[in-house]
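K.L.:
my questions concern the predicted model and sequence given below.
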Amino acid sequence: MKTSRRSFIQNSAVLLAGTALLSKTAWAASKSGEIVGLQLYSVRDDMGKDPLGTLTQLAKIGYKHVEHANYINRKFYGYSAKEFRKVLDDLGLKMPSGHTVMGKDHWDVAKKDFTDAWKYTVDDAAVMGQKYVISPWMDESMRKTYDDYLRYLDVFAKSGELCQKSGMKFGYHNHWAEFTEELNGMKLFDIMMKNLDVNKVVMQLDIGNMYIGGAKALDVIGKYPGKFELIHVKDEIAVNTAEKYESAILGKGIIPVKDVLDICRKTGGTKVFIVEQEAYQNMTPVQSVKQDFEIMKNWGY
């Protein structure tokens, strides 16, 4: 994994502040109202070089929904919100969610209000037709002490209220620190789940990142049933790198992904399933996400 998701997000935060019949029917077997999509970080290099061509390939594969990971200076992959909305519309794609880090600088302590930069983020997400505005990272400065952490969880709730005004929800996407770090004797994730109202702040559970943090999705979903409106669908394999794991084709790694998806569907309260592939094991990114798409279909999603 040459470019980790964590490194990408940290850098961005700085810059930003079976059979033919089965194949045809399995996708339709997904429950009414469910959304299955692709996190565009999975094809980050391709999107950087040729976003229109890459999105065209994804649409041809069969993806109907995507989740962005690139919003810089009020542009999505170089397009304004209106321009990118048209690009997606023309390809028959929708973008129900997107990742933009809400950092410490997005909240003006003196004014007790969000900065214009965050207000623009929410405004542009609404133009895109998003249902969810998701922050995929919490800077270490926001979680140094228990009181600091609670203070920013309150800002999260306020962001939820801001998003609600535009008919959207604010969300948070975990990495592994939420499961490895503690404050006042509690895991960060448990503090978050105890203090956040999921009607204001939804959780996007990344089942790969949490495994790296020593947690298992089946256990966490069992502990907090009905609390995970969105998940990142990911598998992991062990590798000889500092991070010890990298993502793999669904069903080929350590995580019992299909079991996790099924429990998410039954008791997790999950409505949005977003596939993310960060490493490719000698395949191209597009080849990898095409395999993931077929596997999801065969699993009935």
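P.N.:
Arrived safely.

K.L.:
quick one: contacts for residue 235?
P.N.:
Residues near residue 235 by CB atoms under 8 Å, 6 or more residues apart in numbering: 208, 247, 248, 249, 250, 251, 252, 253, 254, 255, 257. Using the backbone N, CA and C atoms, a C-beta is placed for each residue, glycine as well.

K.L.:
quick one, phi/psi of it?
P.N.:
phi -120, psi 160 (degrees, to the nearest 10).

K.L.:
for it, which non-adjacent residue is spatially closest?
P.N.:
Excluding the flanking residues, the one nearest residue 235 by CB to CB, 6 or more residues apart in numbering is residue 253, at 3.7 Å.

K.L.:
repeat that for residue 135.
P.N.:
residue 102 (4.0 Å).

K.L.:
kindly provide the distance from the closest residue to residue 238 other than its chain neighbours to residue 236.
P.N.:
Leaving aside its chain neighbours, residue 238 sits nearest to residue 245 (5.9 Å; criterion: CB to CB, 6+ apart). Distance from residue 245 to residue 236, counting by CB to CB, to the nearest Å: 4 Å.

K.L.:
need the overlap of contacts for the two.
P.N.:
By CB under 8 Å, 6+ apart, residue 245 and residue 236 have these common neighbours: 208, 211, 212, 254.

K.L.:
and the furthest pair within the residues you listed?
P.N.:
The span of the shared contacts of residue 245 and residue 236, defined through CB to CB, is set by 212 and 254 at 10.3 Å.

K.L.:
these two: which is more packed in?
P.N.:
residue 212 (19 against 13; other CB atoms under 10 Å).

K.L.:
what is the least confident helix or strand in this structure?
P.N.:
When the helices and strands of the chain are scored by mean pLDDT, DSSP states H and E, helix 20-25 comes last with a mean of 38.

K.L.:
can you list contacts of the helix or strand that comes right after that helix?
P.N.:
From helix 20-25 onward toward the C-terminus, using DSSP states H and E, the following helix or strand is strand 35-39. Strand 35-39 is contacted by residues 27, 30, 58, 63-67, 69, 96-97, 99, 232, 271-276, 289, 292-293, 296, 301 when judged by CB under 8 Å, 6+ apart.

K.L.:
show the buried residues in these.
P.N.:
With burial judged by 16 or more other CB atoms under 10 Å, the buried subset of the contacts of strand 35-39 is 27, 30, 58, 63, 65-67, 69, 96-97, 99, 232, 271-276, 289, 292-293, 296, 301.

K.L.:
in this structure residue 200 contacts residue 157, no?
P.N.:
Yes - Residue 200 lies in contact with residue 157 (CB atoms under 8 Å); the separation is 5.0 Å.

K.L.:
what about the shared contacts of residue 245 and residue 236, which are in strands?
P.N.:
Assignment to strands by DSSP state E places none of these there.

K.L.:
columns distance to residue 224 and pLDDT on top of those, output as TSV?
P.N.:
What follows is the shared contacts of residue 245 and residue 236, written out as TSV (distance: CB to CB, whole Å; pLDDT from 0 to 100):
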residue	distance to residue 224	pLDDT
208	18	97
211	17	96
212	19	95
254	22	97
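
K.L.:
reformat the residues you listed as TSV; add distance to residue 74.
P.N.:
Output for these, formatted as TSV (distance: CB to CB, whole Å):
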residue	distance to residue 74
208	30
211	35
212	33
254	39
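
K.L.:
and which of those residues is nearest residue 131?
P.N.:
Nearest to residue 131 among those, counting by CB to CB, is residue 208 at 22.6 Å.

K.L.:
leaving out the residues flanking it, which one is nearest to the closest one?
P.N.:
residue 234 is the one closest to residue 208 (CB to CB, 6+ apart), at 3.2 Å.
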